[in-house]
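1. Give the three-dimensional model of this entry:
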Amino acid sequence: MSLLIKLYECPRSSIKPVASIEQCNALLNWFDNHLLELHSGAIVELTEQTLLKLLSDLYRISANSCEQVFPTIPQFVHGASEYDETYWQKVAQLRIKLKQLLDTFDFNQHRLFLQGNW
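-> Just a heads-up that it's a prediction; the model follows:
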């Protein structure tokens with residue numbers, strides 16, 4: 001099984017997936033350090049403030065700061081731990097997905113949950 005992080009929308013009456021991010025162990029590490037330590041299969045609620053902080057960190061990453069701002073998990077089985085082209089592609093994809101989610105998700109009407117599986 002690979003590392004797969006899913007986001008779920010919950011309008012109280014039903015749950016439906018709204019996004020998924022695969023093979024990005026830096027994202028798992030960010031949640032471990034800024035939210036709580038995630039365990040495979042666990043479901044946690046995400047707030048708008050948490051996603052805004054993540055997006056802010058994603059926009060302040062540079063080649064000089066990536067190991068401090070959005071570090072990977074060294075020698076983790078799922079997702080690459082190198083700061084290579086794949087890492088920067090994941091950062092770009094996350095920026096787009098988070099911006100779209102923050103622009104369209106109604107945190108007043110719905111709750112957002114994250115589930116990581118590996």
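2. quick one: the spatially most central residue of the chain from residue 40, how far?
-> Central residue of the chain (Cα atoms, centre = their mean): residue 27, 4.5 Å from the mean position. Residue 27 sits 14 Å away from residue 40 when distances are taken as Cβ to Cβ, to the nearest Å. (Each C-beta comes from the backbone N, C-alpha and C, glycine too.)
3. residue ranges of the strands in the protein, please?
-> Per DSSP state E, the chain carries strands over the ranges 4-10, 16-22, 43-46, 111-117.
4. I'd like those laid out as CSV, including mean pLDDT and mean neighbour count.
-> Conversion of those to CSV gives the following (pLDDT from 0 to 100; neighbours: other Cβ atoms under 10 Å):
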stretch, mean pLDDT, mean neighbour count
strand 4-10, 76, 18
strand 16-22, 85, 14
strand 43-46, 90, 15
strand 111-117, 88, 18
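5. In JSON lines: the ones you listed, plus distance to residue 77.
-> JSON lines is the format used below for the strands of the chain (distance: least, Cβ to Cβ, whole Å):
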{"stretch": "strand 4-10", "distance to residue 77": "13"}
{"stretch": "strand 16-22", "distance to residue 77": "14"}
{"stretch": "strand 43-46", "distance to residue 77": "21"}
{"stretch": "strand 111-117", "distance to residue 77": "13"}
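6. Please list all residues in contact with the nearest residue to residue 93 once chain neighbours are set aside.
-> The spatial neighbour of residue 93 that comes closest, neighbours along the chain excluded (Cβ to Cβ, 6 or more residues apart in numbering), is residue 21 at 7.4 Å. By Cβ atoms under 8 Å, 6 or more residues apart in numbering, the contact list for residue 21 reads 4-5, 27, 90, 93-94, 97.
7. For residue 64, see how far away residue 21 is.
-> From residue 21 to residue 64 the distance is 24 Å (Cβ to Cβ).
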